[in-house]
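Participant: model this:
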Amino acid sequence: MKVYLFFGIELWGSVTKSNIDRFKSFQSKTLRTILDAPWYVSNRTLHTDLNIPTVRQVLHEKFESFHSKLETHPNPRVSSQSSSTHPLNPPRRLKRCWPRDLLVE
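Facilitator: The predicted model follows:
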C-alpha cells in the first residue's frame, strides 16, 4: 500500500495543505483499522509507536533525495533544474507553495 500511496511524491511539493491532509487522514484511518486501535489513542501515538513517518515527513525526505539526485545528474540540462531559488524570483500571491520550499523546511 505504501508504494501506491507515495508514488510520485517527489512532485507533490506544490500540493495544498488540504490535499496533504486527505492523505494524512487516509493513512491514520488505515493504521487504526489494521491495529484495531481504540478511539482515544492519538494519531501521533500510532505513528511514534510504530515508527511510521507522516506524509509530510515522507514528502520532505523524498523531495530532498530527488533534489540531490538532480544536482549530481550528468546531463547539464537536468542538473540546471535543481536550483533552490527561482531565477527571476517572481512575487508570490495567495501564499502559494513551490516544491523548492521543501528544501528550506
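
Participant: Okay, buried residues for the longest helix along the chain please.
Facilitator: For the chain, the helix that runs over the most residues, judged by DSSP state H, is helix 17-35. Neighbour-count burial for helix 17-35, counted by 16 or more other C-beta atoms under 10 Å, picks out I20, F23, K24, Q27, S28, L31. C-beta: built from backbone N, CA, C; applies to glycine.

Participant: Nearest spatial neighbour of the second one, chain-adjacent residues omitted?
Facilitator: Taking C-beta to C-beta, 6 or more residues apart in numbering, and ignoring the residues beside it in sequence, F23 has V55 as its nearest neighbour in space, at 4.7 Å.

Participant: if I look at the closest residue to L35 other than its chain neighbours, how far off is S65?
Facilitator: For L35, ignoring the flanking residues on the chain, the nearest one in space by C-beta to C-beta, 6+ apart is L46 at 7.0 Å. As judged by C-beta to C-beta, to the nearest Å, L46 and S65 stand 25 Å apart.

Participant: Which one's more surrounded, the two?
Facilitator: L46 (17 against 11; other C-beta atoms under 10 Å).

Participant: My guess is that one contacts S28. True?
Facilitator: Yes. Judged on C-beta atoms under 8 Å, L46 makes contact with S28 at a distance of 6.9 Å.

Participant: and the host helix or strand of V78, what other elements does it pack with?
Facilitator: Here V78 is covered by helix 76-79, with elements defined by DSSP states H and E. Helix 76-79 sits against helix 55-71, with contacts defined as 3 or more C-beta pairs under 8 Å, 6 or more residues apart in numbering; DSSP states H and E.

Participant: by how many degrees do the helix it packs on and helix 17-35 diverge?
Facilitator: 120 degrees (axes from the mean of the first three to the mean of the last three C-alpha atoms, to 10 degrees).
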